[in-house]
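Participant: predicted model and sequence follow; I will ask about them next.
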Amino acid sequence: MVDSPASAPDDADSVTPPGPRRSTYTPPQAQSPDDDPIADAIAAEYRAWVPVKRQPEPPAPAASAPNTPVTPPENPLAGLSAPEAAPPSPSIPPPPPRASLTDADLVAVLDPDLAGGNTGALINLFQEQLTLREQELRQLDAWEEQVRRLGVDSADEIVASVRSAYTGVIDVVPPAAHAQNPSASSPPEAADPVPAPTVAPPLAPAPSDVQSADSAPTAPGQVVPPVVDPATLTAGELSSVLADAPPPNMAQRTVATPPEELAELDESTPPPLVEPDIADSPSDPLAQTSNWDALLAAATEGTPATPDPPALSPFTLTPTSPSAPAETSAFAEESRPDRQADSAPPSPEAAPETPPSAPAPVPAAAPAAALAPATPQLRPAGTPPATAHPPLPTTADTPARGHRAFALEQSALEPTPAALRAGRAVRLFWLWFAVNASVVTVALGALLIADGASLRQAVLAALGGVALSSFLLGVITRTGRWSGQPTIVVARATFGTVGNAIPAAVAVLVRVLWATALLYLLGIGVAEVLVEAQLDGGLGRPTMTVIVAAVGFLIAAAAALVGFGLIARLGAIIAPLAGILVVGLIVLTAPLVDLGNALSIPDGSWALLVGGSVLILSAIGLAWVSSGGDLVRYQAPGASGTAAALWTSLGVAVPAFLLIGWGAVLSASNPLVLEGLVANPVDTLARLLPLWYPVPLALAVALSLIAGAAFSLYSGGFAVLTLGAPAPRWLGVLIAAVVAAAALVALILAGGGVAGLLRDALVVLAVPVAAWAGIVGTETLLRRRRVYAPSLLQPGGVYPAVRWVPLAGFAVTAALGLGFVTASTSWLAWTGYLWPLVPLPTDSAWVNSDAGVILALLLGALVAAISLPGLRRLHDAEASATA
């Protein structure tokens, strides 16, 4: 500390001591009657001051109004000007908006009562929310990294405040943990109250021409407290003043008066730790992101409150793209022209200058919401505009991801989540190719020739049946792409939410029996190849049949239980392998073709063309039509419907027509090959191929049959769920698999002679399916709007419980169709009861053409046309529901 110069020392009895008043001022000896020696020593030290060279005085302040005495303010800091603003810090990028629900909202939405017992919808919603939270966590980490790279002093508080809004997304460290880890990014706790020190009054006025280097010039209007003469103080009063004086060699601090409630606290007891209150979660899941506005700028009064949205439901909640946050922060306000005047620094007349020797008062710990200036007045003029930052990734920019291969599929009857609908239309080609590329299909071509058709009639029948099958599957594909739901569920819009149970029961029967037939063909086919190649290990044909069928059933059931992800991966692997094996089969058997013999077969009755087309339609198209939309549920919502239908049709038509046509060519070339393919197609092919080909042939037989059985059980699970109370998807698959296993055991125990049974059952079941396809397919083509998915899951919505015209038409059409088909199996001999009414001989080719399947398909289309007025009323109801 440097003392200011002064005049010559005065005597000890002077009333006004010479020289400046020092912070370590020692008063003269008091005129006390007790002659305290301590007071004498203090007085002697006070007289022993040494003058030093005076420093030049600072320039006088600008002229202002005359000094007028005013009353000192209660708060000494009330008139002080704001400290000079630091250099402008880089602008802080806005935090990513929150798209997921908070914990409180998620618990409210996941109410079983709202789902009507459909726990699959709740599980699906929960999984979607977890996916959104994973995306938000990555976005929040990227934002935090940007903030910390800016080097802002308050980065920890800003990050902590923003993270506190993401409840359930990140872990918010409790206050106790922050006490142990000071670097944790959380709002600071309230600082301990600092007791106000006792300020000693001035002992004597300094000369008017002498000013201390540690003192500040008196500002205009400032009141100078009266001085106290130390000579007038008693020894006790002087001791009390010196005890409360500041320590030596330190200037007296300008300390703000603490609040009254803090002054009354006991200094010996630390204040209690109070955990900050956490505001209740708002009903709007995006409302918490508004804390960023409070962090950067003061809240705007008079802003109208936003009303709470209606109650959420898992059936009405759809993923939406979050909008960008509004620019309401202080940084956005600085760029406005009307704010430029407010940004200028205050004038000197508005606030007195802070004394140079008095350090700025240390404020208490501020909350996170007050880290930024509350008003733009403290911003120095000329601050550059906010720095532009690259936009952070949002959930809207995040592409949809496909279903993982080994992740258990949760979607049941409800729409497939949009986040999982990432498939392309071309994937449908490989899925349907894998299902229809089994070499067993060559037996269908042999059956056409065995019925008496010529080669050209067989090829035309194959072409007609495959074309009609591809068309039906392509049309039905639109139903699943519209709503992302299984086809049998979308059919509720046609037959009613309750009336659809009758067609659904038929679909369950078809799916279970078709899976059983495919697994049976797998067992006997692969066992035949292994036994002929002597690769059975001596187990024999019956044992190998059971083993192969059991292994195939386990693989198919496991794939169906896991769900679409695994089925899609299997299809992507099986399709190219099956294609290579089919091409190899054609190349290796090409030398056996004799076009001369094949073309020499005369034409049969043209009724055989109808019968052949019906057989192909039943085995290729109608066997899968009730599941046509199940594989398209995971296609992107914006994908082309025409492309999906086209790739589906090609995936069905290419392998089916190629194998059926090749089987007809081989059968027409050699009568022995014809007999073998009709009786035992796999054994005949094994004999026609080289000895080194048994393993590839076994794979060619097995791969496609396993894929078809897995898809049949997968789709059958959906059909089972539509018959009963809401249940998980895997439970429906499990029920279908158990029924299929029982039927498979019965077929294996029955031994040989089941080929005729399979053909009769295939044609008889094709009749009601054809009626269903005619009604649903035609109504799909007549629709002007997509179905309203929420009303398909519970009664009382847009769709009635029963639509009587389509349901009654389905029953009548199926009954008429069964009257015009025939079966050789004894327990199916009741079919064909309407043929006696037609004036045709009993041995006519038309009687055995199974024309009832085509009749049911055409009558179903007519029923859909008759119910068109009801469909128009549904369009109006759907429009009202979606408005």
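Facilitator: Thanks, I have the structure now. Numbers count the residues shown, from 1 in each chain.
Participant: neighbours around the closest residue to Ala443 other than its chain neighbours, how many?
Facilitator: Once flanking residues are discounted, Ala443 sits nearest to Pro681: 4.0 Å by C-beta to C-beta, 6 or more residues apart in numbering. For the C-beta atoms, the positions are set from N, CA and C on the backbone; glycine is no exception. For Pro681, the neighbour count with other C-beta atoms under 10 Å is 25.
Participant: and if you look at Glu675?
Facilitator: Neighbours around Glu675, by other C-beta under 10 Å: 14.
Participant: quick check: the gap between it and Asp603.
Facilitator: To Asp603, Glu675 is 21 Å away according to C-beta to C-beta, to the nearest Å.
Participant: ok, Leu731 next?
Facilitator: 53 Å.
Participant: compare these two (neighbour count), which wins?
Facilitator: Per other C-beta under 10 Å, whichever of Leu731 and Asp603 has more neighbours is Leu731, with 16 against 13.
Participant: so what's that one up against?
Facilitator: Contacts for Leu731 (C-beta atoms under 8 Å, 6 or more residues apart in numbering) come out as Gly717, Leu721.
Participant: residue ranges with poor pLDDT in the chain?
Facilitator: 1-90, 111-121, 167-406, 422-423, 638-639, 752-755 (pLDDT under 70).
Participant: about what we covered before: ok, the residue nearest to Ala443 touching Leu444?
Facilitator: No. Look at Pro681 against Leu444 with C-beta atoms under 8 Å: they stay out of range, at 9.4 Å.
Participant: okay, and the common contacts of these two?
Facilitator: With C-beta under 8 Å, 6+ apart, Pro681 and Leu444 have common neighbours Gly663.
Participant: which parts of the stretch 651-800 of the chain are helices?
Facilitator: Along the stretch 651-800 of the chain, the stretches classed as helices by DSSP state H, counting those that start in this stretch are 671-679, 681-688, 694-721, 729-750, 755-782.
Participant: out of those, nearest to Glu528?
Facilitator: helix 681-688 (4.6 Å; C-beta to C-beta).
Participant: can you list contacts of the closest one?
Facilitator: 439-440, 442-443, 446, 524-526, 528-529, 532-533, 585, 588-589, 592, 663, 673, 676-677, 694, 697, 701.
Participant: packing partners of the strand or helix carrying Leu130?
Facilitator: Here Leu130 sits within helix 119-149, counting by DSSP states H and E. Applying 3 or more C-beta pairs under 8 Å, 6 or more residues apart in numbering; DSSP states H and E, we find helix 119-149 packed against helix 103-109, helix 112-115, helix 155-163.
Participant: could you dump these to JSON lines with mean neighbour count and distance to Gly716?
Facilitator: Formatted as JSON lines, the helices and strands packed on helix 119-149 follow (neighbours: other C-beta atoms under 10 Å; distance: least, C-beta to C-beta, whole Å):
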{"stretch": "helix 103-109", "mean neighbour count": "16", "distance to Gly716": "31"}
{"stretch": "helix 112-115", "mean neighbour count": "14", "distance to Gly716": "24"}
{"stretch": "helix 155-163", "mean neighbour count": "21", "distance to Gly716": "48"}
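Participant: quick one: contacts for Thr822?
Facilitator: Thr831, Gly832, Trp835, Val847, Asn848, Asp850.
Participant: just Leu782 next, same as before
Facilitator: Ala864, Ala865, Leu868, Leu871.
Participant: how about those in TSV, adding distance to Ser791 and secondary structure?
Facilitator: Shown next, in TSV, are the contacts of Leu782 (distance: C-beta to C-beta, whole Å; DSSP: H, G, I helix; E, B strand; the rest coil):
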residue	distance to Ser791	secondary structure
Ala864	20	helix
Ala865	24	helix
Leu868	20	helix
Leu871	15	helix
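Participant: and which of the residues you listed is nearest to Gly612?
Facilitator: Ala864 (27.0 Å).
Participant: I'd say that closest one and Ala771 touch.
Facilitator: No. Assessed by C-beta under 8 Å, Ala864 is found out of contact with Ala771, at 10.6 Å.
Participant: shared neighbours of the two, anything?
Facilitator: Gly809.
Participant: comparing these two, which shows the higher neighbour count?
Facilitator: Taking neighbours as other C-beta under 10 Å, Ala864 and Ala771 compare with Ala771 leading, 32 against 22.
Participant: please report how far that one lies from Leu570.
Facilitator: Ala771 sits 32 Å away from Leu570, going by C-beta to C-beta.
Participant: also Leu723?
Facilitator: In terms of C-beta to C-beta, Leu723 sits 27 Å off from Leu570.
Participant: likewise for Arg729?
Facilitator: Arg729 is 18 Å from Leu570, by C-beta to C-beta.
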